[in-house]
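Trainee: sequence? don't have it. structure:
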């Protein structure tokens, strides 16, 4: 999900400016390269909230 979020077009990101895209990209990089340093509460919050916000 995070990897795909980084591939979204500029127009989609502009329509959803309330989503912290830089943080989404940062979380993807952390998960892909160094999972042990991810705050689990932040990750869970993203997993719960992100799909519903994009789906509208």
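Mentor: On my side now, so go ahead. In this text the structure is predicted, and so the values were computed from the model without any measurement.

Trainee: and the residue nearest to the spatial centre of the chain, helix, strand or coil?
Mentor: The residue lying closest to the centre of the chain (C-alpha atoms, centre = their mean) is residue 24, at 3.0 Å. Per DSSP: H, G, I helix; E, B strand; the rest coil, the secondary structure class of residue 24 is helix.

Trainee: hang on, it packs against residue 42?
Mentor: No. Using C-beta atoms under 8 Å, residue 24 is not in contact with residue 42; the gap is 11.3 Å. For every residue, glycine as well, the C-beta is placed using N, CA and C.

Trainee: tell me the mean pLDDT over the helix or strand hosting residue 4?
Mentor: Element membership for residue 4 (DSSP states H and E) is helix 2-5. Here helix 2-5 scores 74 as its mean pLDDT.

Trainee: tell me where this protein has helices.
Mentor: Shown for the chain, the helices assigned by DSSP state H span residues 2-5, 10-15, 21-33, 40-55.

Trainee: what's the least confident stretch among the ones you listed?
Mentor: The minimum mean pLDDT among the helices of the chain belongs to helix 40-55 (a mean of 69).

Trainee: I'd like to know how far the closest residue to residue 5 other than its chain neighbours sits from residue 13.
Mentor: Leaving aside its sequence neighbours, residue 5 sits nearest to residue 24 (C-beta to C-beta, 6 or more residues apart in numbering; 5.1 Å). Counting by C-beta to C-beta, to the nearest Å, the gap from residue 24 to residue 13 is 10 Å.

Trainee: again, but for residue 31
Mentor: 20 Å.

Trainee: just give the nearest non-adjacent residue to residue 32, would you?
Mentor: residue 3 is the one closest to residue 32 (C-beta to C-beta, 6+ apart), at 7.7 Å.

Trainee: swap that for residue 21, sorry
Mentor: Residue 21 sits nearest to residue 13 (C-beta to C-beta, 6+ apart), 5.4 Å away.

Trainee: who are the contact partners of residue 27?
Mentor: Shown in contact with residue 27 (C-beta atoms under 8 Å, 6 or more residues apart in numbering): 2, 38, 42-43, 46.

Trainee: can you tell me which of these lies nearest to residue 9?
Mentor: residue 2 (16.3 Å; C-beta to C-beta).
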